[in-house]
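> mind folding the following:
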Amino acid sequence: MKRSQVNEIIQQSDEFIRSFGFRLPSFAYWSPQDFRKNLDRAGGIVDAGLGWDITDYGAGDFDAMGLFLFTTRNGSQAELKAGGGMCYAEKIMISRHDQISPMHRHNLKTEDIINRGGATLAIEMFESDFEGNLDRAAPVTVACDGVVETFDPGHVLRLDPGQSVTLRPGNWHKFWGDGGDVLIGEVSGVNDDNTDNIFVDPIGRFADIEEDTDPVHLLVSDYAAFLGHSS
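Residues are numbered from 1 along each chain as shown. Next up is the predicted model:
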């Protein structure tokens with residue numbers, strides 16, 4: 001992805017988020033220079049991987065396969081292992097019309113995926129076999145707004161605004177906006193995007209950025225290169 005495209009997506013996404021009355025934290029609007037000036041007190045932001053996250057999964061076609069995310073809070077793996085403390089995370093995401101977030105699962109993270117507004121969110125689901133591979137024969141059991149439901153493998157669950165599904169480790173899923181763009185909330189256990197995303201196909205989690213212009217705001221994946229500090 002070109003940096004100019006990333007900058008444009010950030011602006012468009014912020015406008016879309018604001019249209020639903022949701023507001024991002026103040027550090028979302030820091031420039032790279034602001035981050036450097038505040039690095040002594042921004043360590044928690046960087047360590048937790050908070051901030052802008054725009055990916056085309058390395059495929060080079062964001063409109064067809066991609067996702068906008070902003071991580072607003074995230075706990076630590078150490079506290080999760082200890083069984084107490086900040087063991088949760090939250091994201092706001094945008095899935096565009098027919099834009100695929102490809103089939104994947106998590107080893108550790110349980111997540112509630114919530115349609116916060118816009119069009120319908122479509123989620124195709126499969127279960128895992130004993131080795132963690134996608135099982136095309138096993139039924140899928142999930143909780144939809146607390147109601148436990150069992151579906152045929154490959155079922156496409158459609159969530160209208162206000163509806164949600166709880167996906168546990170091993171629940172394979174891909175999703176897209178059905179009929180328009182969707183504002184998505186994610187409430188989950190501690191999030192680790194570096195190691196806890198298992199894809200059916202061998203693709204990357206983060207985009208490769210071509211620096212055709214300066215960044216307006218840093219992505220989470222920029223922190224190491226621009227700040228010398230990684231999560």
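
> show me where this structure has its strands.
Shown for the chain, the strands assigned by DSSP state E span residues 51-55, 67-74, 88-95, 101-105, 111-128, 134-135, 140-144, 147-151, 156-159, 164-167, 172-189, 198-199.

> for the lengthiest helix in the chain, packing partners?
Using DSSP state H to define each element, the chain has its longest helix at helix 3-18. Other helices and strands packing on helix 3-18, by 3 or more C-beta pairs under 8 Å, 6 or more residues apart in numbering; DSSP states H and E, are strand 51-55, strand 67-74, strand 88-95, strand 172-189. Every residue, glycine included, has its C-beta placed from N, CA and C.

> generate JSON lines for the strands of the chain, with mean neighbour count as supplementary columns.
Converted to JSON lines, the strands of the chain look like this (neighbours: other C-beta atoms under 10 Å):
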{"stretch": "strand 51-55", "mean neighbour count": "24"}
{"stretch": "strand 67-74", "mean neighbour count": "21"}
{"stretch": "strand 88-95", "mean neighbour count": "21"}
{"stretch": "strand 101-105", "mean neighbour count": "20"}
{"stretch": "strand 111-128", "mean neighbour count": "21"}
{"stretch": "strand 134-135", "mean neighbour count": "18"}
{"stretch": "strand 140-144", "mean neighbour count": "17"}
{"stretch": "strand 147-151", "mean neighbour count": "11"}
{"stretch": "strand 156-159", "mean neighbour count": "16"}
{"stretch": "strand 164-167", "mean neighbour count": "21"}
{"stretch": "strand 172-189", "mean neighbour count": "20"}
{"stretch": "strand 198-199", "mean neighbour count": "16"}
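
> residue 218: which of those is closest?
The closest of these to residue 218 is strand 51-55. By C-beta to C-beta, the value is 6.8 Å.

> model confidence over the closest one, on average?
Averaging pLDDT along strand 51-55 yields 98.

> stretch 10-17 now?
Mean predicted lDDT for stretch 10-17 stands at 98.
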